[in-house]
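Asker: Attaching a predicted model along with its sequence, questions to come.
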Number of protein chains: 2
Amino acid sequence: MYRRRDSQRDQLVAEIANELRQYSVDAQHIGHAFAGLHGLNPTDLHALIAVMDAELLGTPLTPGRLGEQLNISSGSVTALVDRLERAGHIRRDRDTADRRKVFLHYADRGAALAMEFFQPLGRRTDRVMADFSDAELEIVHRFMTTMVTAMREYRDAVRAARPDPPRRPAG
Amino acid sequence: MYRRRDSQRDQLVAEIANELRQYSVDAQHIGHAFAGLHGLNPTDLHALIAVMDAELLGTPLTPGRLGEQLNISSGSVTALVDRLERAGHIRRDRDTADRRKVFLHYADRGAALAMEFFQPLGRRTDRVMADFSDAELEIVHRFMTTMVTAMREYRDAVRAARPDPPRRPAG
DNA sequence: GCGGATAATCTCGCCTGTCGAGATACTCGA
DNA sequence: TCGAGTATCTCGACAGGCGAGATTATCCGC
């Protein structure tokens, strides 16, 4: 395998993969630190963002859906929603049509917190993107779109895998 | 602000920011699910990757450094390293020069697990990148490099912030 | 309108990870 | 050798997550 041309490209690919990994690790650390800073745990922050996302899309989350997204049990969801509601971040609202359902809406405090989280982040990403032309951003956009799709596939694959493999060293 | 030309670009910027966010969320979910699949928790997986990274760079991690990277207490680090060592993922090695120090090296099982984690991921990212020319990947590379730098700045800023703000609703 | 099946959420007891202060082991300079 | 400083580990307390079962509400056939 002495394709000299490709080794250059291979290195490029490896570096990008590495950067993607670093990015996600850093993002995780940021979430962790920010959550701790405000007396939340990572799950709480995650949930808060999910609730906002869903509501901004016009399809408010129910506890059940939230649990699916976060991959946590129903009992944990109740505790989670309790915490967030008690802290004034979100609000529970019964669906008038189907009164078994509960919709989660973010409250003022939750919106403020999310903004406080995303604004500095947005400022930084904007500053980065300012150095790129429209055409370049188009490429980045295309890249990220397909990458997100690929990640979601992997996520679903991992989630679908057997949750109980035999991995004891001594059976 | 009626710069019509920019509204197109603004939308592009917003979409990329959104994709970056989705990417990191998905990455977190993948880590969470994969860890659970193998009887670990997210911190364990995170630590395992950090240990491998450091070792591949030729500067093995110590428990103290690991705790800094993960932003967890010394007590948690000990428990974490105990778990990983007990499961055969990593190994403790005393520094011969300064016997207070402990170096963390990954063991076979840890290497296998990391590979099992990264290989499917790598296959997917490779497949995505195959659809991009060298020039395009260069752009993506430049983008990710600066983005990672920006994220790291934000991370450090959040970590440096006061860890105990007065946020009780009723004093 | 009534009763059983179904669905969404909540309650409860247990387990595990994390914290943080203090103990222990080691190094270095005087 | 002594004492200050550093790295790691120990221990008790607390909080989040799990998952089975209880609770409340809806749907459907009669």
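Answerer: Received the coordinates, thanks.

Asker: just for chain A, where's the confidence low?
Answerer: The model of chain A has pLDDT under 70 over residues A:1-5, A:162-171.

Asker: Can you name the residue of it nearest to DNA strand C?
Answerer: Ranked by CB to the nearest atom of the strand, the top residue of chain A for proximity to DNA strand C is A:G64, at 2.5 Å. Every C-beta, even on glycine, is put in place using the N, C-alpha and C of the backbone.

Asker: gap between that residue and A:D44?
Answerer: The spacing between A:G64 and A:D44, counted by CB to CB, to the nearest Å, is 18 Å.

Asker: okay, the two: which has more neighbours?
Answerer: Between A:G64 and A:D44, A:D44 has the larger neighbour count (other CB atoms under 10 Å in any protein chain shown), namely 20 against 13.

Asker: Now do the contacts for that one.
Answerer: Counting by CB atoms under 8 Å, 6 or more residues apart in numbering or on different chains, A:D44 touches A:A35, A:L80, A:R83, A:L84, A:H89.

Asker: Please apply the same query to A:E153.
Answerer: Here A:E153 is in contact with B:R124 (criterion: CB under 8 Å, 6+ apart).

Asker: tell me the secondary structure for it?
Answerer: Secondary structure, DSSP: H, G, I helix; E, B strand; the rest coil: A:E153 is helix.

Asker: residues contacting the residue of chain A closest to DNA strand C?
Answerer: If you count contacts by CB under 8 Å, 6+ apart, A:G64 has them with A:S74, A:V77.

Asker: Next one: it from B:D95, what distance?
Answerer: Distance of A:G64 to B:D95, computed by CB to CB: 51 Å.

Asker: Over to A:N41?
Answerer: Distance, A:N41 to B:D95, using CB to CB: 34 Å.

Asker: related to what we said a few turns ago, PyMOL command to pick out the buried ones of the contacts of A:D44?
Answerer: Here is the PyMOL command that selects the buried residues among these (16 or more other CB atoms under 10 Å in any protein chain shown):
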select buried, chain A and resi 35+80+83+84+89
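
Asker: Sitting in helices, which of the contacts of A:D44 do you find?
Answerer: If you go by DSSP state H, those have A:A35, A:L80, A:R83, A:L84 in helices.

Asker: Looking at those, which is nearest chain B?
Answerer: Proximity of those to chain B (CB to the nearest CB) peaks at A:A35, which lies at 9.7 Å.

Asker: Let me see the contact set for the closest one.
Answerer: With contact set as CB under 8 Å, 6+ apart, A:A35 has these partners: A:N41, A:P42, A:D44, A:L45.

Asker: same question, A:V25
Answerer: Residues in contact with A:V25 (CB under 8 Å, 6+ apart) are B:H46, B:I49.

Asker: Would you mind listing the buried residues in the helix or strand where it lies?
Answerer: Remark: A:V25 resides in helix A:4-37, with elements defined by DSSP states H and E. Judged by neighbour count using 16+ other CB under 10 Å, the buried positions of helix A:4-37 are A:12-13, A:16-17, A:19-37.

Asker: tell me which residues of the following helix or strand past that helix are tucked away?
Answerer: Where DSSP H and E defines the elements, the next helix or strand beyond helix A:4-37 is helix A:42-56. For helix A:42-56, burial by neighbour count (16+ other CB under 10 Å) applies to A:42-55.

Asker: Also stretch A:127-137?
Answerer: For stretch A:127-137, burial by neighbour count (16+ other CB under 10 Å) applies to A:V128, A:M129, A:F132, A:E136, A:L137.

Asker: does the third one count as helix, strand or coil?
Answerer: This means A:F132. Here A:F132 is recorded as coil under three-state DSSP.

Asker: Hmm, B:T146 and it touching each other?
Answerer: No: A:F132 is not in contact with B:T146 according to CB atoms under 8 Å; the separation is 9.0 Å.

Asker: OK, contacts around A:M52?
Answerer: So A:M52 contacts A:Y106, A:G110, A:A111, A:A114 (CB under 8 Å, 6+ apart).

Asker: Any chance you could give me stretch A:97-105 in CSV, C-alpha atoms only?
Answerer: C-alpha atoms of stretch A:97-105 as CSV (Å, rounded to 0.1, in the frame of the first residue of the first chain):
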residue,chain,number,x,y,z
ALA,A,97,-57.6,15.9,25.1
ASP,A,98,-55.9,12.9,26.6
ARG,A,99,-55.7,13.5,30.3
ARG,A,100,-53.2,10.6,30.8
LYS,A,101,-50.6,12.7,29.1
VAL,A,102,-48.4,15.4,30.6
PHE,A,103,-46.7,18.0,28.5
LEU,A,104,-43.5,19.5,29.6
HIS,A,105,-43.1,23.2,29.0
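
Asker: how about it: buried residues?
Answerer: Buried residues in stretch A:97-105 (16+ other CB under 10 Å): A:F103, A:L104, A:H105.

Asker: okay if I get the contacts of A:D44 as JSON lines plus distance to DNA strand D?
Answerer: JSON lines is the format used below for the contacts of A:D44 (distance: CB to the nearest atom of the strand, whole Å):
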{"residue": "A:A35", "distance to DNA strand D": "10"}
{"residue": "A:L80", "distance to DNA strand D": "5"}
{"residue": "A:R83", "distance to DNA strand D": "6"}
{"residue": "A:L84", "distance to DNA strand D": "10"}
{"residue": "A:H89", "distance to DNA strand D": "13"}
